[in-house]
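Asker: just the structure for this:
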Amino acid sequence: MTVRAVVLLSGGLDSMLAVRILQLQGIEVEALNFRTLFVCCQDTAAQAAHELGVKLSVVSEKDDYLDLVRRPKYGYGRGANPCVDCRIYMFALAEKWMRRTGAALVASGEVVGQRPMSQKKRDLARIAHHSGLEDRLLRPLSAKLLPATAPEREGLIDRDALYDFSGRGRKGLIALAGQLGLKRIPQPSTGCALTEPQFATKVHDLVQLDPRGTRWDFELLKIGRHVRLDRATKVVVGRREEENERLQRMYDERESERVTLVSPENFIGPVALLIGPASEEALQFAGGLLLRYSKHSEIEQPRAIVLQGVNRREIALSIDDRAAAAVSL
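Answerer: Modelled structure (predicted):
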């Protein structure tokens, strides 16, 4: 009888080892990669799946994922990373995939104590329970430090061929990779923008000041400098040509009338999105930021184009004190 397993594959060393350990026990593995707005490692996962000779499926989060970013039941890590809630969400999707494909278990490359936010024994048990997997969730790298799972008790998995890794060290894992025939050792990576302090500041700002923010708002966090005028008004300024183009596309895809595009009319500089009421004060603040981040000294009277829906007009610009002193989030 062929035993199937679904293994979450990020493309990192730990998840690759989890796949190889099961393969060496004769388990048929299907890899599952979880994609969110904040994680971009599909190319890495695809490369790893190719090297391991396994089928890879990629699943994306739905809009309900943003609810756990806004209000995580188990809190944030050092950034805006709701790691426990995220993994519960991820493994709940894997549980559905397991049943759909007739697999006997779900496995991951988690290591006890490797990540303080989500890999303490208490958190691992919590994730298994709330995802609906219970003891169908196997962590091959740390299995001997955890209670035996159902596949082990049923004889589908040989517990003696599993491991007892713990902590953050990689030497033992790298040595195991060599023993198991993995030719490439991926470099360690968080893979999640929510763990990055600067990006986390933008997320917390959005969640606190615009808790009804949509997917569009979260996508915007990945582009440009974000500067607050007040609690209701934010300006996003492009840092390079690519970001200017992305901001213009974001304007075209806007979901609210509270979004205004401000761009240079007679000088070369960035473009900006004004999020919030487009008062003259706010427009001058946005325009002042365009001047601050451009070369305009030879222009006697710099002007900007303001787009609000189908309405287009020009405004004269000057750098006010607030724009000159503004600090990005």
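Asker: any stretches of the chain with poor pLDDT?
Answerer: For the chain, residues meeting the criterion pLDDT under 70 lie at 40-42, 189-190, 296-297.
Asker: in this structure A278 contacts T260, no?
Answerer: Yes: A278 is in contact with T260 according to Cβ atoms under 8 Å; the separation is 4.5 Å. Heads up, the C-betas are built off the backbone N, CA and C, glycines and all.
Asker: and the residue lying closest to L9 once chain neighbours are set aside, its phi and psi?
Answerer: Nearest residue to L9 in three dimensions, chain neighbours excluded: A31, at 3.9 Å (Cβ to Cβ, 6 or more residues apart in numbering). With angles defined as degrees, to the nearest 10, A31 sits at phi -90, psi 140.
Asker: next, count neighbours for A31.
Answerer: For A31, the tally of surrounding residues (other Cβ atoms under 10 Å) stands at 25.
Asker: so what sits against both of A278 and T260?
Answerer: Jointly contacting A278 and T260 under the rule Cβ atoms under 8 Å, 6 or more residues apart in numbering are V306, Q308.
Asker: re earlier: now the residue nearest to L9: how far from V19?
Answerer: Counting by Cβ to Cβ, to the nearest Å, the gap from A31 to V19 is 7 Å.
Asker: determine the residues that are contacts of both of these two.
Answerer: With Cβ under 8 Å, 6+ apart as the test, A31 and V19 both reach V7, L9, A48, L52, V54.
Asker: quick one: which of those is nearest D160?
Answerer: Proximity of those to D160 (Cβ to Cβ) peaks at V7, which lies at 19.9 Å.
Asker: quick check: the closest one is in a strand.
Answerer: Yes: the assignment for V7 by DSSP: H, G, I helix; E, B strand; the rest coil puts it in a strand.
Asker: mind listing what it touches?
Answerer: So V7 contacts S15, A18, V19, L22, V29, E30, A31, L32, V54, V106, A107, S108 (Cβ under 8 Å, 6+ apart).
Asker: for the last one, give me its contacts.
Answerer: This means S108. By Cβ under 8 Å, 6+ apart, S108 lies in contact with V7, L8, S15, A18, F91, L137, L138, R139.
Asker: inside helices: which ones of these?
Answerer: Cross-referencing the contacts of S108 against helices under DSSP state H gives S15, A18, F91.
Asker: and for the last one, the neighbour number?
Answerer: Same thing as F91. F91 is flanked by 25 other residues according to other Cβ under 10 Å.
Asker: now the residue nearest to it when sequence neighbours are not counted: how far from G167?
Answerer: Spatial nearest neighbour of F91, chain neighbours left out: S131 (3.5 Å); criterion: Cβ to Cβ, 6+ apart. Distance of S131 to G167, computed by Cβ to Cβ: 24 Å.
Asker: got it, and V59?
Answerer: From V59 across to G167, the span is 30 Å (Cβ to Cβ).
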